[in-house]
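S.K.: missing the sequence, but the structure's below:
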């Protein structure tokens, strides 16, 4: 029987640390990992898995501290204020620093280059679009036809306004020549619930939650916004191969520390993460259970990826005309 995510976390010992680890870590200070997205979604599962493995590797207690809200901004606010002592970090998808900066720059309390220190990239993954079975669409072309035939019902849901999934949906609509308004949700779980219930006809989000329901025959995944098919799901086509050219939009999740965190502390966490992500069992867990690719990147590689992403998406965000409230 295939376990759902929560059952798997419990069965794997990922919610409660093993007694041996607790004993080893009793006299060591607690490490907090801030998380800005709601419990139950893909990023939450990734963060909790990594936190448990990190605790085992360091022999030190590591907890997830949820600060959901405003696209991860609340967690980033808390990270900026945290003491740079090597005991507070943030795990977040690239959407938090990249798209918060591009869309809400003037409203932010922090600057990603001034206030945060990149630690390591953890995983990467495709982002995709799923549609309700009520649409009858089995591919991108059929969904476009459905939209044109049902303009008043047409829209797509996203885990939040102003993020990567939002602008991928906007790009798809532009490439297809259709009007597709966006409906924001407070995270992926409620979005998937409404998609399954037919309250929203389409959703753009992480493939983890979409793929589970697609395999169960409860919704249809139309494609992924990557430049090529993913080895995680080789049967799922890209939108490009279906004739809709959209800038490739793979997501990634990484860890940051407060600026001025001692380099030795960051190096200690980096070494542990690199070892964890090279573990064959971890690779298998991440790929088969969470539909993500382990993808360790050091601080310099992370910073380059961040700069490249900002340069790629800045003109797209500006061209969309989206203005935050």
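M.R.: Nice, thanks for sending it over. Model, not experiment: these values are computed from the prediction.
S.K.: only C-alpha atoms for contact and neighbour calcs from this point on.
M.R.: Noted.
S.K.: any low-confidence regions in this protein?
M.R.: The chain contains residues with pLDDT under 70 at 1-26, 325.
S.K.: Show me which helix runs longest in it.
M.R.: In the chain, taking DSSP state H as the definition, the longest helix is helix 299-320.
S.K.: Check what contacts that one and list those residues.
M.R.: Residues from elsewhere that reach helix 299-320 (Cα atoms under 8 Å, 6 or more residues apart in numbering): 94, 98, 102, 103, 117, 118, 119, 120, 121, 167, 170.
S.K.: For it, buried residues please.
M.R.: Buried residues in helix 299-320, counted by 16 or more other Cα atoms under 10 Å: 299, 302, 303, 305, 306, 309, 310, 313, 317.
S.K.: Make JSON lines from those residues and add distance to residue 135 to it.
M.R.: Compiled in JSON lines, the buried residues of helix 299-320 are given as follows (distance: Cα to Cα, whole Å):
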{"residue": "299", "distance to residue 135": "44"}
{"residue": "302", "distance to residue 135": "39"}
{"residue": "303", "distance to residue 135": "41"}
{"residue": "305", "distance to residue 135": "37"}
{"residue": "306", "distance to residue 135": "37"}
{"residue": "309", "distance to residue 135": "33"}
{"residue": "310", "distance to residue 135": "35"}
{"residue": "313", "distance to residue 135": "30"}
{"residue": "317", "distance to residue 135": "29"}
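S.K.: Closest to residue 157 out of these?
M.R.: Residue 157 lies nearest to residue 317 out of these, by Cα to Cα, at 17.8 Å.
S.K.: For the closest one, give its distance to residue 162.
M.R.: Using Cα to Cα, to the nearest Å, residue 317 is found at 9 Å from residue 162.
S.K.: likewise residue 296?
M.R.: Residue 296 is 27 Å from residue 162, by Cα to Cα.
S.K.: got it, and residue 153?
M.R.: Counting by Cα to Cα, the gap from residue 153 to residue 162 is 22 Å.
S.K.: These two: which is more packed in?
M.R.: residue 162 (24 against 15; other Cα atoms under 10 Å).
S.K.: So that one lies in a strand, does it not?
M.R.: No: assessed with DSSP: H, G, I helix; E, B strand; the rest coil, residue 162 is coil; it does not lie in a strand.
S.K.: pretty sure it is in contact with residue 97, am I right?
M.R.: No: assessed by Cα atoms under 8 Å, residue 162 is found out of contact with residue 97, at 11.6 Å.
S.K.: Show me where the stretch 51-200 of the chain has its helices.
M.R.: 73-81, 95-104, 112-115, 140-149, 164-176, 188-197 (DSSP state H, counting those that start in this stretch).
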